[in-house]
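Asks: Fold the following for me, if possible:
(6 chains)
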4 protein chains.
Amino acid sequence: MDQSDRSRGRPRDPAIDDAALRAARELLVEVGWDKLSMVAIADRANVGRPALYRRWPSKTHLVFEAVFAWQDAPTPVLDAPTSSDWVRGSFAYTTELFQRPEVRAALPGLMASLRDHPELQSALWKEFGRPGLSSLESLLRAEGSTTPATDAQATMVLVIGACLVTSLLGGSPTVTDRLPHLLRTNADG
Amino acid sequence: MDQSDRSRGRPRDPAIDDAALRAARELLVEVGWDKLSMVAIADRANVGRPALYRRWPSKTHLVFEAVFAWQDAPTPVLDAPTSSDWVRGSFAYTTELFQRPEVRAALPGLMASLRDHPELQSALWKEFGRPGLSSLESLLRAEGSTTPATDAQATMVLVIGACLVTSLLGGSPTVTDRLPHLLRTNADG
Amino acid sequence: MDQSDRSRGRPRDPAIDDAALRAARELLVEVGWDKLSMVAIADRANVGRPALYRRWPSKTHLVFEAVFAWQDAPTPVLDAPTSSDWVRGSFAYTTELFQRPEVRAALPGLMASLRDHPELQSALWKEFGRPGLSSLESLLRAEGSTTPATDAQATMVLVIGACLVTSLLGGSPTVTDRLPHLLRTNADG
Amino acid sequence: MDQSDRSRGRPRDPAIDDAALRAARELLVEVGWDKLSMVAIADRANVGRPALYRRWPSKTHLVFEAVFAWQDAPTPVLDAPTSSDWVRGSFAYTTELFQRPEVRAALPGLMASLRDHPELQSALWKEFGRPGLSSLESLLRAEGSTTPATDAQATMVLVIGACLVTSLLGGSPTVTDRLPHLLRTNADG
DNA sequence: TACTAACCGAGACGGTACGTCTCGTCTTCCC
DNA sequence: GGGAAGACGAGACGTACCGTCTCGGTTAGTA
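Replies: Below is the predicted model of the structure:
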């Protein structure tokens, strides 16, 4: 079944995927999201424009995959012993990701375009949020939280949001380092 | 001098400003930032395109004014007795603001453009961030924080970031209500 | 009425019409109909592509006007004293027209495209065929033809067809010169 | 040698030739030459595109064969007793041929492409023009023409041209029937 | 019977033209 | 001099077709 599907016609050249994604990342940091165009990516990657449209239905999808290249670090498993450790680790990971030049360049435009592509929204959440969220929830339950699911989600919202603001508007390391200390993880009030 | 400059010739029709800003707000929630075009604004407002460019140098400036300089009570006075009250009030205010349809629609695109328009960034900060920040700093200092300035900035980053994420990706009221409790305001650890 | 229509907005730049038509004629003889593209015309004429589409709905319309630039010699009045003179003059005029390099280059492609543009077909006939046809009909009637209208049309078909074949497939001057003698203009058999 | 070359490997499927030529004829009358594409022919014939390019080097060659090499009696023998009979017979034959729907559809585009494919031009001439031309020349010489070769060529140009124009631009039967009478075959003036 | 060369479809490839769209500016006439 | 209408150059968009290629698989004839 999949055999017949797989073998029909000339297979796509995987080198084109790589070249296009790399070109997108490079152009992103060079010219920014607004001035990034499919034709520029195609030219830089030495690839025909139809080859791009064959793979990604829009610039948003292409950049989304170019920026969040999950595959090499598929899931940053957070095996933190306590919720405080989880928060610290999560801040470190998210900050590093959001400080990459191509991510900084892509983030705002990507979020603006995400509006028209719900499937990317859910993909983002599934790949990025789910795994860490459940581990945090377990930690909070073990530590006695009465609403571990809600607390875990709220904590993640705070972490991601703070890193987002820092990435977009800039932020001094002094402030960034202070962030983890301002989150309480046993707030049963 | 500017008086004479200002008074020469036919004065600008203020009705055009209103119509353009209203049209921008409406279109923003209807089609989103990406698909918002100057020609669409001009058409909806029954106004010529040059009239828009005479008033605002770019789409970003127009939308910025349409979304933020719209309200009659621009300065939200926060006279909170404690830092916890400040956090609660700030969350309430920011959440309400970021949940308005036109703000939700404009936010990501606006953030993308803020990078290219530092004057808007500083205007936004002055109008929006500064007042609350200094009041929080005073509260924290009074409550014994050793680094009130850093803590105030970090707290504000967390508040704004969390509201941003909630606004962009959606968030259940349960989680939103939980956010203020997860911020500690006396973290001297 | 036409006053208001005429005066609304910026008028079209007539220099663009000239430049585009000239560029089309030049490119026609240089690269031929098949390789003639709107973008090439726009580039050669130093004109934006939308300016072309604003004026002509298709490449066919543009080339049609570029090739049959009637305006300078609006109607080749054939004041021939006899039908034989008319045939000779008509051959001379049509041969000259169909031997122009740009016409030779455009003719076959134009005729292939004419299929999809009936309005150009009728325009061609009205501008090109009608005037000469009626004068020939008068001559034939004066010379005693019993079916002057039919004879005039048939004669014109022969003249145009022969020039068309000569233009497309080439033809020695010996043969070309012989053509007028082979048409009888008083065939009452 | 060519025998071994020809017979090695799987022989070409003759059904593909037929299906492709039939599809080309059908599409020709449906969409016209300009909008005729190889992919459309391949799809209609349920055939892969490479199978077409294996058989014909270009769209022109394919359509040429589809339109002209289709008939079973390729050589129209003209054994006319007089040059007038020849003209009448030639008109009848050519008119019939040029009025076939697929020929009408193919003619202009084919003529446009003939310029770029001299081998097709000569093939067309050999198959189509030569035989009739030499027979007419013999008749004219027998009837006393002083320049039978030139007269024969010119006559053929007139016949083909008139039928071409009639086919392309349409023509009433009244006019078409009149055409043969307007050709003089003994013009020694 | 096995080999093998040429066929077959499907479909990806780089390239290129298409016609449309939006941008921000300019030019015209009217008020 | 403001305002509307709309043309302007520039350039990205997404689609279509071109002619070539690369697949996995098929179909003969030859060994």
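Asks: Over to the residue nearest the centre of chain A: give its phi and psi.
Replies: Geometric centre of chain A, nearest residue: A:Phe68, 4.8 Å, by CA atoms, centre = their mean. A:Phe68 has phi and psi values of phi -100, psi 70 when expressed as degrees, to the nearest 10.
Asks: Now do the same contact list for A:Leu110.
Replies: Residues touching A:Leu110, when contacts are defined by CB atoms under 8 Å, 6 or more residues apart in numbering or on different chains, comprise A:33, A:60, A:63-64, A:67. (Glycine included, C-beta is placed from N, CA and C.)
Asks: Which two among these are spaced furthest apart?
Replies: Using CB to CB, the contacts of A:Leu110 reach their maximum pairwise distance at A:Trp33 and A:Phe64, which is 11.6 Å.
Asks: pLDDT wise, what is the residue in chain A that DNA strand E sits nearest to at?
Replies: The shortest separation between chain A and DNA strand E is 2.1 Å, found at A:Gly9 (distances taken as CB to the nearest atom of the strand). As predicted, A:Gly9 sits at a pLDDT of 82.
Asks: what's the answer for A:Ala92, then?
Replies: 91.
Asks: ok, now how distant is the residue nearest to the centre of chain A from chain B?
Replies: When distance is defined by CB to the nearest CB, to the nearest Å, A:Phe68 is 15 Å away from chain B.
Asks: Repeat that for A:Arg88.
Replies: Distance of A:Arg88 to chain B, computed by CB to the nearest CB: 12 Å.
Asks: That residue contacts A:His181, correct?
Replies: No. The pair A:Arg88 and A:His181 fails to qualify as a contact (CB atoms under 8 Å) at a distance of 9.3 Å.
Asks: Quickly name whichever of the contacts of A:Leu110 is closest to chain D.
Replies: Lowest distance from chain D to the contacts of A:Leu110 (CB to the nearest CB) belongs to A:Thr60, with 29.4 Å.
Asks: Who are the contact partners of the closest one?
Replies: A:110, A:113-114, A:116-117, A:120 are the contacts of A:Thr60 under CB under 8 Å, 6+ apart.
Asks: hmm, try it at 7 Å
Replies: Counting by CB atoms under 7 Å, 6 or more residues apart in numbering or on different chains, A:Thr60 touches A:110, A:113, A:117, A:120.
Asks: mind listing which of those are in helices?
Replies: Secondary structure of the contacts of A:Thr60 is defined by DSSP state H; positions in helices are A:110, A:113, A:120.
Asks: Do I have it right that A:Leu179 meets A:Ala92?
Replies: No. Using CB atoms under 7 Å, A:Leu179 is not in contact with A:Ala92; the gap is 10.6 Å.
Asks: Can you confirm whether the longest helix anywhere in chain A lies near chain B?
Replies: Taking DSSP H as the criterion, chain A has its longest helix at helix A:148-169. Yes. If you take CB under 7 Å from any CB of the partner chain as the test, helix A:148-169 does meet chain B, through A:150-151, A:153-155, A:157-158, A:160-162, A:164-166, A:168.
Asks: Now do the following helix or strand past that helix: which elements does it pack against?
Replies: Toward the C-terminus, helix A:148-169 is succeeded by helix A:173-178 as the next helix or strand (DSSP states H and E). The criterion is 3 or more CB pairs under 7 Å, 6 or more residues apart in numbering or on different chains; DSSP states H and E, and the helices and strands that helix A:173-178 contacts are helix B:148-169.
Asks: roughly how far is stretch A:145-159 from the heart of the chain?
Replies: Averaging C-alpha positions (CA atoms, centre = their mean, to the nearest Å) puts stretch A:145-159 20 Å from its chain's average.
Asks: pLDDT (mean, whole number) over it?
Replies: Throughout stretch A:145-159, pLDDT has a mean value of 92.
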